[in-house]
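K.L.:
Fold the following, please.
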Amino acid sequence: MAQTMSSERHTQSYQHDRTDWRAAVWAGVIAGIVFLMAEMLMVMIFMGQSPWGPPRMMAAMVMGKGVLPPPGTFDMGIVMTAMMIHFPLSIVYGLVAGWIVHRLASTSVLVIGGLFGLAIYFINFYIIAPAVFPWFTMAQNWVSLVAHLIYGLVLGGTYAGMRKHKPAVRG
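P.N.:
Next comes the predicted model:
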């Protein structure tokens, strides 16, 4: 009984809060870092491919298909270009997710965050990529799916852990 009341009180405590934009930005950055590391490691370990393939795919969005592997080697210009695409997108996704979940309890934020990451995967890889960046279709696989799920879980968990109470102004 005491556990239920405590949970209800915690759930209720964010009901009238505004989005914590600072927490949303940081959640996007942190989730973006974790996503990139997880995807690069999984590509290398489970697929036997170069970990530099995912950054090259990102950079190809502005640099063109000529930067796609092979070679799958490190190139500072390509990696920097990829980061200039990846992190602003991660922050935008963090802001959107923060706006969506700001009134939810921490457990719900994790669930919605995971679903948000999966939604990003399906929208980017099955709707946008085939029309605009067809080389992304070669990454329609379980590694990319899991990396996006991890992104969403980290995004939600980080936002939930960092947000401050920001009561909405009542007028």
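K.L.:
which stretches of the chain have low pLDDT?
P.N.:
1-13, 166-171 (pLDDT under 70).
K.L.:
So which residues of this structure form helices?
P.N.:
In the chain, the segments counted as helices under DSSP state H are 2-12, 21-47, 53-63, 76-101, 106-123, 129-132, 142-162.
K.L.:
from what I can see Y14 touches K164, true?
P.N.:
No - in this structure, Y14 is not within contact of K164 by C-beta atoms under 8 Å, at 10.5 Å. The way it works is simple: take the backbone N, C-alpha and C, and place the C-beta from them, glycine included.
K.L.:
Those two - which one has more neighbours?
P.N.:
Y14 (22 against 8; other C-beta atoms under 10 Å).
K.L.:
any idea how far G161 is from G94?
P.N.:
13 Å (C-beta to C-beta, to the nearest Å).
K.L.:
More neighbours: which of those two?
P.N.:
Taking other C-beta under 10 Å, G161 and G94 do not tie; G94 has more neighbours (26 against 13).
K.L.:
surely that one meets Y159?
P.N.:
Yes - judged on C-beta under 8 Å, G94 makes contact with Y159 at a distance of 7.2 Å.
K.L.:
Pull up the overlap in contacts between the two.
P.N.:
Common neighbours of G94 and Y159 (criterion: C-beta atoms under 8 Å, 6 or more residues apart in numbering): 24, 27.
K.L.:
Now the nearest residue to W99 once chain neighbours are set aside, what are its backbone angles?
P.N.:
Leaving aside its sequence neighbours, W99 sits nearest to T19 (C-beta to C-beta, 6 or more residues apart in numbering; 5.0 Å). Main-chain dihedrals, T19, degrees, to the nearest 10: phi -60, psi 140.
K.L.:
One more: D75?
P.N.:
phi -140, psi 120.
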